[in-house]
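Visitor: Any chance you could fold what I've pasted below:
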Amino acid sequence: QVQLVESGGGLVQAGGSLRLSCAASGRTFSNYAMGWFRQAPGKEREFVAAISWSGGSTRYADSVKGRFTISRNNAKNTVYLQMNSLKPEDTAVYYCSGGSSYPTVLTRQYNYWGQGTQVTVSS
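Guide: Model (predicted):
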């Protein structure tokens, strides 16, 4: 069993940066690919970024490519999402996910989810 707790969300002006963290409990954290998803009001949850268990493979949604960076520190059981050049359309609740065998965009492939952290980007 893995439990995920996100932190680092907040209010930022357009063009600014935020770094989200996701702390995982459980001994098997390093065995899994991890991901970040987001959900804006009235919209479906959408894929943002994912990283393989080793950190050697990553993938991003086109909308965030070049602006966001996912990384992980298996010694600290933590995955990060560095968000730069934020835009108002990045406003959403951001969810950490884990438990997938590979870095996939599919929500159904992830077994574990955090409670979410709010990111609000003002124009």
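Visitor: bridging residues for the spatially most central residue of the chain?
Guide: The chain has W36 as the residue nearest its centroid, 2.4 Å off, counting by C-alpha atoms, centre = their mean. Bridge pairing for W36 (DSSP bridges) gives the partners A49, C96.
Visitor: which ones are touching the residue of the chain most remote from its centre?
Guide: Most distant residue from the mean C-alpha position of the chain: S123, 22.5 Å away (C-alpha atoms, centre = their mean). For S123, the contact set (C-beta atoms under 8 Å, 6 or more residues apart in numbering) comprises A14, P88. The way it works is simple: take the backbone N, C-alpha and C, and place the C-beta from them, glycine included.
Visitor: can you tell me how far the residue nearest to the centre of the chain sits from V2?
Guide: Using C-beta to C-beta, to the nearest Å, W36 is found at 15 Å from V2.
Visitor: F29 too?
Guide: Using C-beta to C-beta, one obtains 6 Å as the distance from F29 to V2.
Visitor: between those two, what contacts are shared?
Guide: Shared between the contact lists of F29 and V2 (criterion: C-beta under 8 Å, 6+ apart) are residues G98.
Visitor: So those two - more neighbours on which side?
Guide: Using other C-beta atoms under 10 Å, the more surrounded residue of F29 and V2 is F29, with 23 against 18.
Visitor: backbone phi and psi for that one, please?
Guide: When read as degrees, to the nearest 10, the backbone of F29 gives phi -50, psi -50.
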